[in-house]
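Asker: Build me a model from this:
(3 chains)
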Amino acid sequence: MHIPDGILPASVCLGGYAAAAVATWYSLRKIRQKEDPRAGIPKASLLTAAFFVASWIHIPVPPISVHLVLNGLLGAVLGYYAFPAILIGLFFQAVIFQHGGLTTLGVNAAVIGVPAILSYYLFQVRNLFGQDSRLGTGLCGFLAGAAGIGLAAVAVLTLLITTLPAHLDIEVERASIYALALAHVPLMVIEGVFTALVALFLLRVKPVLLED
Amino acid sequence: MRQLGQQSKTSCAGEPVLEVLALSFNYPDRPHVLQGVSLRVWAGERVGVIGPNGAGKTTLFLLICGVLRPASGKIYLFGRPVVPGEFLPEVGMVFQTPEDQIFCPAVKEDVAFGPRNLGLSKEEVEARVQEAFAITGIAELANRPPHHLSGGEKRLVAIAGVLAMRPRLVLYDEPTSNLDHRYRRRLINFLEAARETMLIASHDLEFILEVCNRVVLIDGGRIVANGNPREVMGDGALMDAHGLERPHSLIPHADPHH
Amino acid sequence: MKPRLDEYTDLDSPLHRWEPRAKLVSLMVLIFAFSFLRDLRLLPVMLAASGFLYFVSRLPLSFLLSRLRLPGFFLLVVAVLLPLCSGTTVLFEIGPLTVWKEGCLDLLLIGAKFVSILTAGIVLFGTTPLLTAVKAMRALGLPAILAEMTLLSYRYLYEIGGDLRCLERAMRLRGFRGRSLGSLSTLASLSGTILVRSYEQAEGVYKAMVLRGYGQEASFREEFQVRPQDLAGLLAVFLAAAGFVAAEICLQ
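Answerer: Presented below is the predicted three-dimensional model:
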């Protein structure tokens, strides 16, 4: 899910870059406050690559298969590294895989990355259940995953519909936002369940990955 | 601990390159990884470190180069105590998986990484890189991205990256794993010509026999034998007791050659 | 999944020789000027400009076409939706479907901008090795953490991609089909395995990096040489971009 080049007006693209710059600044500041950011960089980098690879996995939703965005999971696992990771992932997508998106890199990073940061906070709620609680991890994993893609979808749709040079009337516009948002509900469920499953897997195999 | 043969044929005079005294180490989930290991290595020695899986060989190496902090005991390199976390350019370590070590997107960039961190000028870094390329014979790989290299090429690039820092002691962790015969032979010739002092951990005992002039057998976190490779590895009972096999070339032939 | 990005970066053309910082700034400004345009009369000029750039870069046409294919699907969707849904002036009707004039014009605008921006982007990153591009961005003020993360993830991207392929192959050999929703938990374990593996590898990578002095002040920064022709190129592209923007404003 990302907005391609050519649709959004230049002002929105520039605004997107500005928003991404602010989010990056915020994330980097939080990262530098940790005791040894040097040790975190290789881990965050390899996980960035791993998340990028994991998003290639086809998830069957009969009769079709979809790719997940995984921004909620990214937030849960990477914390403040999630935003830089998403920025880099989208950069690779634009540059290495040439899916385009150099003008919309900022917008897309903001739209996908800011919900990831929120998912991180949401996932931290699991600490109320105790760090090794399967119930807390599963539940918060689901919420983080569903909220991550849900917020991103709402943001993308709002942006598209308000800036498309469409000659639509307001009623139609509003109805189409609702309709498209509803269409994303099944995706939210799948992304939420998937995030919960991965979080439970990590809790069993390598719990340190979920720790703050 | 068994002492077999004389310590080493090379000079034992002067200060040892490496001195390990009563070294112990535990991982949080695995106690007694090393228990009271003591070892001296002199300049120019090529010491093989053998032992079953999980004996503590890699841990010993990581302690020597200051990545891990010992639970107790002391390590001296060139007469100075090792401070964990300190940058020690005199010691190089070649990791078991070259994948872990080569992290730059181009080979040349990777070999230059260490020299650049030494604070050398651009020209000196270039000279170091070319020197390391010449020693390992991989100049033609300079501009290749690492993920397109073969296993043998990756190993040589990893070695070049370490040698470019001109270490005086090099620790090789399983250098022959995943190498085909041609690259294994190339590595043996290369190591035999090298002048640095080295420690080589390996399960490839024939390789140790060819390259090393001393061997140390570790099991259960202790050194159980230390001495001439032919004598240590030729001792069938000793090798058996520690889950190892005598190298074929040291087994007296039961049925003589035709 | 092995798109070769650096396939044509060692060709020789004025764009390949252009100093990377100047090239990066110039082409990004041009791309943004493209995205600013809304007047249909400027579209042919824009398409010509990006076509000219591609011609000068000497990249093979097949490279461009192969790169346009995937995102082209998106264009197809827009091409179906916009003319049918948006507009006030009826162009013509096919049975129950109405084709609107405004929708068609919007499609033209979006399509042309999309192709031009993508072409300019391909010229930019098709003529510059990624390593060089990131170094140039670093020299232009990209934070060190971002630059380091970009290069490290790029380095391990293909490695981890290879891991995934191996795991998937092994799963298929043991009879996994992955066609129903029930396979979700298996696929979650697969993703989790990829994450755990790369995390564990990162621990080794970090150790190896520290041993070679990671975190020490590197002795010199990569410096780039700016020649007069680099600045001339910068100026020319800036003027072109300003021309596009000015024309757009005047024509409004």
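Asker: Which residue ranges of chain C form strands?
Answerer: Listed from the start of the chain, chain C has strands (DSSP state E) covering C:90-94, C:97-100.
Asker: Buried residues in the shortest one, which are they?
Answerer: Same thing as strand C:97-100. By neighbour count on 16 or more other C-beta atoms under 10 Å in any protein chain shown, the buried set for strand C:97-100 is residue C:100. Where C-beta positions appear, they are placed from N, C-alpha and C, glycine not excepted.
Asker: what's the answer for the longest one, then?
Answerer: Counting neighbours by 16+ other C-beta under 10 Å, one finds that strand C:90-94 has no buried residues.
Asker: I'd like to know which elements it is packed against.
Answerer: strand C:97-100, helix C:101-126 (3 or more C-beta pairs under 8 Å, 6 or more residues apart in numbering or on different chains; DSSP states H and E).
Asker: wait, is residue B:206 part of a helix?
Answerer: Yes: according to DSSP: H, G, I helix; E, B strand; the rest coil, residue B:206 belongs to a helix.
Asker: do you know how far it is from chain A?
Answerer: Distance, residue B:206 to chain A, using C-beta to the nearest C-beta, to the nearest Å: 35 Å.
Asker: so who does that residue touch?
Answerer: Residue B:206 makes contact with B:247, B:248, B:249, according to C-beta atoms under 8 Å, 6 or more residues apart in numbering or on different chains.
Asker: any chance you could map the helices in chain C?
Answerer: C:14-17, C:20-36, C:43-57, C:61-85, C:101-126, C:130-139, C:144-173, C:184-211, C:228-251 (DSSP state H).
Asker: now the angle from the third one to helix C:20-36?
Answerer: Read that as helix C:43-57. 160 degrees (axes from the mean of the first three to the mean of the last three C-alpha atoms, to 10 degrees).
Asker: helix, strand or coil for residue B:32?
Answerer: Put simply, residue B:32 is strand when judged by three-state DSSP.
Asker: Chain C versus that one, what's the distance?
Answerer: 22 Å.
Asker: Residue B:126 now?
Answerer: Per C-beta to the nearest C-beta, residue B:126 is found 11 Å from chain C.
Asker: That residue looks like it's in a strand, true?
Answerer: No: going by three-state DSSP, the assignment for residue B:126 is helix, not a strand.
Asker: Checking residue B:218 next. Helix, strand or coil?
Answerer: At residue B:218 the chain is in strand, as set by three-state DSSP.
Asker: what's across from it in the sheet?
Answerer: With DSSP bridges applied, residue B:218 shows beta-bridge pairing to residue B:223.
Asker: confidence score at residue 130?
Answerer: All of this refers to chain A. If you check residue A:130, the pLDDT there is 84.
Asker: wrong one, I was asking about chain C
Answerer: Looking at residue C:130, the pLDDT reads 88.
Asker: ok so, going back, in the contacts of residue B:206, which residue is surrounded by the most others?
Answerer: residue B:247 (19 neighbours; other C-beta atoms under 10 Å in any protein chain shown).
Asker: Hmm, residue B:203 and that residue touching each other?
Answerer: No: look at residue B:247 against residue B:203 with C-beta atoms under 8 Å: they stay out of range, at 11.0 Å.
Asker: right, and residue C:184 touches residue A:195 too?
Answerer: No: contact criterion C-beta under 8 Å: residue C:184 and residue A:195 do not qualify, at 11.1 Å.
Asker: Looking only at neighbour counts, state which of the two leads.
Answerer: residue A:195 (34 against 17).
Asker: show me where pLDDT drops low in chain B?
Answerer: B:1-13, B:254-258 (pLDDT under 70).
Asker: Equivalent analysis for chain A, please.
Answerer: Where chain A drops to pLDDT under 70, the residues are A:1, A:35, A:98, A:164-173, A:212.
Asker: which stretches of chain B form strands?
Answerer: Counting by DSSP E, the strands of chain B are B:2-4, B:18-27, B:30-41, B:46-50, B:72-77, B:80-81, B:91-94, B:169-173, B:197-201, B:214-219, B:222-227.
Asker: Can you lay out the ones you listed as JSON lines showing mean neighbour count and distance to residue C:198?
Answerer: What follows is the strands of chain B, written out as JSON lines (neighbours: other C-beta atoms under 10 Å in any protein chain shown; distance: least, C-beta to C-beta, whole Å):
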{"stretch": "strand B:2-4", "mean neighbour count": "14", "distance to residue C:198": "43"}
{"stretch": "strand B:18-27", "mean neighbour count": "18", "distance to residue C:198": "21"}
{"stretch": "strand B:30-41", "mean neighbour count": "18", "distance to residue C:198": "23"}
{"stretch": "strand B:46-50", "mean neighbour count": "25", "distance to residue C:198": "29"}
{"stretch": "strand B:72-77", "mean neighbour count": "17", "distance to residue C:198": "31"}
{"stretch": "strand B:80-81", "mean neighbour count": "10", "distance to residue C:198": "35"}
{"stretch": "strand B:91-94", "mean neighbour count": "25", "distance to residue C:198": "22"}
{"stretch": "strand B:169-173", "mean neighbour count": "24", "distance to residue C:198": "21"}
{"stretch": "strand B:197-201", "mean neighbour count": "24", "distance to residue C:198": "25"}
{"stretch": "strand B:214-219", "mean neighbour count": "24", "distance to residue C:198": "30"}
{"stretch": "strand B:222-227", "mean neighbour count": "20", "distance to residue C:198": "35"}
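Asker: That's all I had, so thanks and see you.
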